[in-house]
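Visitor: The sequence and its predicted three-dimensional model are supplied below.
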Amino acid sequence: MLKYHPDRHDNNDHLTEHFREIQAAYETLSDPTRRIEYDNENGFTGAKKRVRTPQSVLSEANRLRNYVQTLNRLSIDQRALEFHLRQLISEQTAYLLKGPELLVPRQELIHLVLDTSWFLSYNYLTKLHDDLLLVADGDPFSNELIATVMKQRKLRHTQERLLPWLVILLTGLLCWLMYEWSL
């Protein structure tokens with residue numbers, strides 16, 4: 001950022017303007033409230049400004065999935081990811097992908113969204129369920145895939161909730177066995 005600072009370049013309006021853009025972006029992204037507002041207004045890739053086609057929706061879903069795969073599971077903002085996924089599978093997208101000739105792109109989008117949502121907790125995933133079914137448009141394969149993933153995630157959610165209790169129980173049991181053995 002300092003290489004674009006106006007003090008380093010006398011009378012270069014282009015670099016001064018570029019520095020201001022960088023500074024505005026930094027201020028927006030460093031303030032959590034302003035960053036959320038920016039994300040909500042612009043979406044993951046700013047797709048609101050373009051005409052949406054089935055291919056552009058799939059391309060955006062691929063970019064989001066690839067980006068999420070580079071992140072640490074614990075560093076993902078669950079609410080923001082859920083927001084971006086809902087933008088991808090909005091009612092507008094369901095309408096855009098309606099019809100038998102768009103069955104393959106619909107199935108691919110559903111697969112990408114479910115793959116990307118792997119890091120979402122079950123509570124956030126349930127918010128996507130109805131939107132996914134709307135995009136599926138009655139396709140039995142897609143409906144079955146959605147139902148299967150929801151069942152798997154519910155099971156994982158239950159296991160994750162019970163795991164600490166199981167650890168506590170086993171620790172207590174081991175302590176009791178050690179106590180009994182020492183007598």
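Guide: Arrived safely.
Visitor: Now for Leu81, how many residues are close by?
Guide: 20 (other C-beta atoms under 10 Å). For glycine as for every other residue, the C-beta is placed from the backbone atoms N, C-alpha and C.
Visitor: Next one: the residue most central in space within the chain from Lys127, what distance?
Guide: With distances taken as C-alpha atoms, centre = their mean, Leu81 lies nearest the centre of the chain, 2.8 Å away. In this view, Leu81 and Lys127 are 11 Å apart by C-beta to C-beta, to the nearest Å.
Visitor: Also Leu169?
Guide: Taking C-beta to C-beta, one finds Leu169 at 32 Å from Lys127.
Visitor: And for Leu114?
Guide: Here the criterion is C-beta to C-beta. By it, Leu114 lies 14 Å from Lys127.
Visitor: didn't Asp115 look like it was pressed against Asn66?
Guide: No. Counting by C-beta atoms under 8 Å, Asp115 does not reach Asn66; the two are 10.4 Å apart.
Visitor: Please identify which of these two sits among more neighbours.
Guide: More crowded of Asp115 and Asn66, by other C-beta under 10 Å: Asp115, with 14 against 11.
Visitor: residues touching the closest residue to the residue nearest to the centre of the chain other than its chain neighbours, list them.
Guide: The shortest distance from Leu81 to any non-neighbouring residue, by C-beta to C-beta, 6 or more residues apart in numbering, is to Leu120 (6.0 Å). For Leu120, the contact set (C-beta atoms under 8 Å, 6 or more residues apart in numbering) comprises 78, 81-82, 85, 128.
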